[in-house]
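**Student:** The sequence and its predicted three-dimensional model are supplied below.
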Amino acid sequence: MKNTTSFSRRTFLRNSLLLSGATIALPSFLAASAPVKLARPNERINLACIGIGNRGADIIQDLYKTGLVNIVALCDVDMGASHTLPILQQFPDVPRFQDFRQLFDKMSNQIDAVSIGVPDFSHFPITMMAIDLGKHVYVEKPMARTFQEVELMMKKAAKFNKVVTQMGNQGHSEANYFQFKAWKEAGIIKDVTAITAHMNAPRRWHTWDTNIKSFPPKEPTPATLDWELWQMATQGHDFNKDFVNGQWRCWFDFGMGALGDWGAHILDTAHEFLDLGLPYEINPVNLDGHNDFFFPMSTTLAFRFPKRGDMPALDITWYDGINNLPPIPEGYGVSGLDPNIPPPTTGKIEPAKLNPGKIIYSKNLTFKGGSHGSTLSIIPEEQALAMAGKLPEVPQSPSNHFLNFIRSCKGEEKTRSSFDIAGPLSQVFCLGVLAQKLGTKLEFDRKSKKITNNKVANSLLAGPPPRKGWEQYYKI
């Protein structure tokens with residue numbers, strides 16, 4: 001297939017609007033920046049920020065731009081490292097902590113909400129402690145690294161039901177969310193039997209040697225970093241630069257690979273509005289470069305979901321890897337780079353043979369979509385034009401994901417990616433990662449939430465036992 005990533009972003013946006021019938025606000029990089037106008041002090045939420053560099057810094061900026069927060073505390077295990085300096089310089093007088101437990105101990109009565117922008121494996125203990133203290137939680141996707149951790153987070157949130165929760169798949173408050181909802185309610189999206197999801201851009205581990213026999217060797221720990229605290233509840237590892245600053249996503253012990261990174265931006269609306277819940281079978285169809293330590297060079301995973309009410313059984317097939325492209329239906333058209341898809345934390349979008357997205361197959365229609373806030377188009381174009389007069393009006397979003405969270409903390413809205421919605425979605429990815437790690441088909445009982453054909457896999461739903469001193473967070 002011809003590589004078309006040079007296709008104009010504005011042209012792609014214009015064509016997407018024509019064929020999807022949806023209204024999209026211009027993405028942030030096309031809009032002029034403006035100084036933050038803060039609300040009156042008594043109208044603001046007091047926000048503590050845990051994880052202040054890299055993606056954590058982006059989350060802080062977006063929450064602050066709502067004009068409805070006071071930044072009252074900053075916390076990072078690598079406080080003072082270069083990636084934390086911009087936030088420290090922006091908020092020089094805000095109290096600083098290296099340990100989130102000390103932050104809560106000293107400032108709990110001054111905090112309304114927390115943002116959690118730390119590695120996947122670190123989400124769980126911070127979130128559990130915050131909810132225990134009655135603090136609203138914005139946590140980056142996926143919710144946690146293991147199936148059982150997500151389960152406990154959902155139960156904790158249900159127990160403390162006045163606490164507002166939001167998982168950070170920000171496209172779940174943008175045009176794709178409202179379009180999918182409107183099209184589903186109008187019967188445009190119905191009788192879906194298959195979804196292809198794809199993320200074929202280069203990943204951090206794609207240059208690594210898959211014949212690895214051990215974890216990388218110990219290196220000197222940076223003076224700014226509390227390495228023991230960074231590891232939190234995970235089993236002990238010696239410090240190596242390939243574990244930190246985004247590299248953690250490569251390793252089974254710390255991250256969730258391409259599926260955990262992008263799945264919540266690609267499959268979120270289909271999962272919610274098609275009421276998918278949990279799969280009954282997960283099959284690793286292809287694992288190129290499989291090893292015991294980090295994610296494969298390319299993966300094809302098949303998830304099978306049963307019939308739900310009047311909706312037919314549905315299969316999702318996930319593709320990642322540079323050359324592991326899915327089959328493309330006739331009339332697919334150009335794979336342009338949708339401006340609603342933000343770049344990764346590296347700051348640039350790497351060229352890809354096919355840009356991140358999905359193809360949704362129903363009985364009568366086929367839909368093409370991107371990720372994040374990208375809207376769906378009906379394909380081929382002739383079918384889209386024939387359907388144009390039948391498409392319902394799609395409401396504009398009243399608030400982006402960050403404003404939705406803050407307004408929900410104030411009792412004015414309801415979060416769109418609360419743990420009861422985001423939890424089962426995250427658990428789908430946890431099951432997929434288990435199938436990747438073990439390299440075998442898993443059969444899953446949706447009622448008992450157990451893997452029935454593999455005792456080792458079933459034990460790994462909870463992961464290894466937490467390190468001493470971290471057990472308390474695994475209690476409801």
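**Tutor:** That came through, no problem.
**Student:** What is the burial count for residue 39?
**Tutor:** Residue 39 has 15 neighbours, counted by other C-beta atoms under 10 Å. To be clear about C-beta, it is placed using only N, CA and C from the backbone, and glycine gets the same treatment.
**Student:** So what's the predicted local confidence for it?
**Tutor:** Looking at residue 39, its pLDDT stands at 90.
**Student:** mind checking how far it is from residue 353?
**Tutor:** 46 Å (C-beta to C-beta, to the nearest Å).
**Student:** How about residue 36?
**Tutor:** Distance of residue 36 to residue 353, computed by C-beta to C-beta: 39 Å.
**Student:** which one of the two has more residues nearby?
**Tutor:** Between residue 36 and residue 353, counted using other C-beta under 10 Å, the more crowded position is residue 353 (17 against 11).
**Student:** Test my guess that that one contacts residue 323.
**Tutor:** Yes - with contacts counted by C-beta atoms under 8 Å, residue 353 reaches residue 323, the gap being 7.4 Å.
**Student:** Pull up the overlap in contacts between those two.
**Tutor:** The contact sets of residue 353 and residue 323 overlap at residue 200 (C-beta atoms under 8 Å, 6 or more residues apart in numbering).
**Student:** Residue 404: what secondary structure?
**Tutor:** Under DSSP: H, G, I helix; E, B strand; the rest coil, residue 404 falls in the helix class.
**Student:** likewise the one 3 residues further on?
**Tutor:** Secondary structure assignment for residue 407 (three-state DSSP): helix.
**Student:** And the helices in this structure?
**Tutor:** Secondary structure of the chain (DSSP state H): helices located at 9-20, 55-64, 85-90, 100-107, 123-132, 147-159, 175-185, 227-231, 257-266, 268-273, 381-387, 401-409, 419-438, 455-459.
**Student:** Tell me which residues touch residue 366, please.
**Tutor:** With contacts defined as C-beta under 8 Å, 6+ apart, residue 366 is in contact with 329, 331, 359, 360, 378, 379, 383.
**Student:** who's it bridged to?
**Tutor:** Residue 366 forms beta bridges with residue 361, residue 379, as assigned by DSSP bridges.
**Student:** Put the buried members of the contacts of residue 366 into a PyMOL selection.
**Tutor:** This is the PyMOL syntax for the buried subset of the contacts of residue 366, where burial follows 16 or more other C-beta atoms under 10 Å:
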select buried, resi 359+360+378+379+383
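**Student:** Pick out whichever of the contacts of residue 366 sits closest to residue 126.
**Tutor:** For the contacts of residue 366, the residue nearest residue 126 by C-beta to C-beta is residue 360; the value is 35.1 Å.
**Student:** can I assume the closest one is in contact with residue 189?
**Tutor:** Yes - if you go by C-beta under 8 Å, residue 360 and residue 189 touch, sitting 7.2 Å apart.
**Student:** For the protein, give me the ranges with low pLDDT.
**Tutor:** The model of the chain has pLDDT under 70 over residues 1-34, 335-351.
**Student:** Tell me who's in contact with the residue most central in space within the chain.
**Tutor:** In the chain, the residue lying closest to the centroid (C-alpha atoms, centre = their mean) is residue 141, at 3.3 Å. By C-beta under 8 Å, 6+ apart, residue 141 lies in contact with 167, 168, 169, 260, 264, 265, 422, 426.
**Student:** excluding its backbone neighbours, what's nearest the first one?
**Tutor:** Think residue 167. Closest residue in space to residue 167, ignoring its immediate chain neighbours: residue 422 at 3.6 Å, by C-beta to C-beta, 6 or more residues apart in numbering.
**Student:** Tally up the residues packed near the one you found, please.
**Tutor:** 30.
**Student:** In contact with it, which residues?
**Tutor:** Going by C-beta under 8 Å, 6+ apart, residue 422 touches 141, 143, 165, 166, 167, 169, 264.
**Student:** From residue 195, how far out is it?
**Tutor:** Noted for residue 422: a distance of 18 Å to residue 195, by C-beta to C-beta.
**Student:** What are the structural domain limits within this protein?
**Tutor:** If you go by the TED database, the domain ranges for the chain are 39-169, 171-335+349-396+424-475.
**Student:** Endpoints of the first one, how far apart?
**Tutor:** Across its full length, domain 39-169 reaches 26 Å end to end, with C-alpha to C-alpha, to the nearest Å as the criterion.
**Student:** got it, and the longest one?
**Tutor:** The first residue of domain 171-335+349-396+424-475 is 32 Å away from its last residue (C-alpha to C-alpha).
**Student:** What about the spatially closest residue to residue 59 that is not a sequence neighbour, how many residues nearby?
**Tutor:** Distances taken as C-beta to C-beta, 6+ apart put residue 117 closest to residue 59, at 4.4 Å, once the chain neighbours are dropped. By the criterion of other C-beta under 10 Å, residue 117 has 24 neighbours.
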